[in-house]
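Trainee: please work out how this folds:
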Amino acid sequence: MLSELELQRAVADAILNRRGPDLAPSFDKGGRFDPMRRFNIYRNNTFASLSATLVSVFPVAVSLIGERYFRHIAASFIRVSPPSEARLVCYGSDFADFLGRLEDLKPMPFIADTARLEWLIAEALDAPALPPANMAELSRGGKDTIPDLILQRSLRLLFCRWPALDIWSAHQASGDLDQLSDIRRQPQRIALWRNQDSVRFLRLNGAHYAFLQALKSGRGLEHAVKKAAARDQNFDLVASLGGLFADGLVTRVRHQPANIN
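Mentor: Okay, here's the model as predicted:
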């Protein structure tokens, strides 16, 4: 007789078609319906629900691969990477990496990069949109302080080796799929964030990407400027700061003592 914990683990393995003990002896057969039949219905519904979640999060990948083959891939992914928490909106964070490892998709490496962009879009839409700060807050610190910018929690950054944003845009209502007739390797640095119920995008150069990446790490404005200047000595800090505040990406300015690293 399996313990409660052992039974839970065995049921989870059986749902994912993993090897495990025979569950039939553990089920109560006193009811009117066959418990194994009910269990199989539950297993099918689980796969259907998780597959539908992946289809909804990665619609461009579905279009690139074809829905039938996408669902086949999704079933394989579900078996090796089941949900780790109850919220379905959190499911699929490692799906793009899974696509990148599939031998059948090696000739189309842009699919994994596009899926990474789609996942970040889903994350951004699920994040809260906080009230933006005013640029005047930069000047409110003392002479012996250094400002640190707290950015919108929905801000996401992506470096990809293929034109993921172009591919994604071409699949939108106003896009042009004809431009994808010859997809070539083209690195892109992308910033995206939630704007009410949609997402805004910004294409970045190397210095601006390094600047935002450093700010997101929480190391402070001074560190971010050094990172950007290392990529481009002509990095325009004033223009970059103005853009951050104009786009509502700064939610708070925190003034720290200058001797804080």
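Trainee: what are the ranges of the helices in the stretch 51-200 of the chain?
Mentor: 59-65, 67-80, 95-101, 110-126, 164-170 (DSSP state H, counting those that start in this stretch).
Trainee: what comes up buried for the last one?
Mentor: This points to helix 164-170. Across helix 164-170, burial judged by 16 or more other CB atoms under 10 Å covers 164-168, 170. For the C-beta atoms, the positions are set from N, CA and C on the backbone; glycine is no exception.
Trainee: the second one too?
Mentor: Along helix 67-80, these residues count as buried under the neighbour rule (16+ other CB under 10 Å): 70-71, 73-75, 77-78.
Trainee: hang on, the earlier thing: got the buried residues of helix 164-170 as TSV, with distance to residue 135 and pLDDT columns?
Mentor: Listed next are the buried residues of helix 164-170 as TSV, based on distance: CB to CB, whole Å; pLDDT from 0 to 100:
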residue	distance to residue 135	pLDDT
164	31	97
165	28	97
166	32	96
167	35	97
168	31	97
170	35	96
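Trainee: quick check, nearest of those to residue 208?
Mentor: residue 165 (15.1 Å; CB to CB).
Trainee: gap between residue 187 and residue 204?
Mentor: Distance, residue 187 to residue 204, by CB to CB, to the nearest Å: 11 Å.
Trainee: more neighbours, these two?
Mentor: residue 204 (19 against 11; other CB atoms under 10 Å).
Trainee: ignoring the adjacent residues along the chain, who's closest to the more buried one?
Mentor: Distances taken as CB to CB, 6 or more residues apart in numbering place residue 189 nearest to residue 204, at 4.2 Å, with adjacent residues excluded.
Trainee: just the strands in the stretch 151-261 of the chain please.
Mentor: For the stretch 151-261 of the chain, strands defined by DSSP state E, counting those that start in this stretch occupy the ranges 156-160, 188-195, 198-203, 250-257.
Trainee: ok, the residue nearest to residue 97 when sequence neighbours are not counted - contacts?
Mentor: Nearest in space to residue 97, with sequence neighbours left out and distances taken as CB to CB, 6+ apart, is residue 112 at 7.2 Å. Neighbour list for residue 112: 96-97, 99-100, 105 [criterion: CB atoms under 8 Å, 6 or more residues apart in numbering].
Trainee: which among the residues you listed count as buried?
Mentor: Using 16+ other CB under 10 Å, the buried ones in the contacts of residue 112 are 96, 99, 105.
Trainee: could you list the domains of this protein?
Mentor: Using automatic domain parsing, the domain parsing of the chain gives 1-108, 128-261.
Trainee: tell me where the stretch 1-150 of the chain has strands.
Mentor: 145-151.
Trainee: any stretches of it with poor pLDDT?
Mentor: Within the stretch 1-150 of the chain, the stretches with pLDDT under 70 are 1-42.
Trainee: repeat the analysis, applying 90 as the threshold.
Mentor: Applying pLDDT under 90 to the stretch 1-150 of the chain flags the ranges 1-49, 79-80, 82-90, 138-147.
Trainee: in terms of contact, does residue 122 touch residue 92 like I think?
Mentor: Yes: shown here, residue 122 and residue 92 form a contact pair, counting by CB atoms under 8 Å, at 7.4 Å.
Trainee: the more surrounded of those two?
Mentor: Neighbours per residue, other CB under 10 Å: of residue 122 and residue 92, the larger number sits with residue 92, 24 against 21.
Trainee: count of neighbours near residue 62?
Mentor: 21.
Trainee: enumerate every residue touching the nearest residue to it once chain neighbours are set aside.
Mentor: Closest residue to residue 62 apart from its sequence neighbours, by CB to CB, 6+ apart: residue 70 at 4.7 Å. The neighbourhood of residue 70, defined by CB under 8 Å, 6+ apart, consists of 54-55, 58, 61-62.
Trainee: enumerate every residue touching residue 215.
Mentor: 149, 151, 221, 224 are the contacts of residue 215 under CB under 8 Å, 6+ apart.
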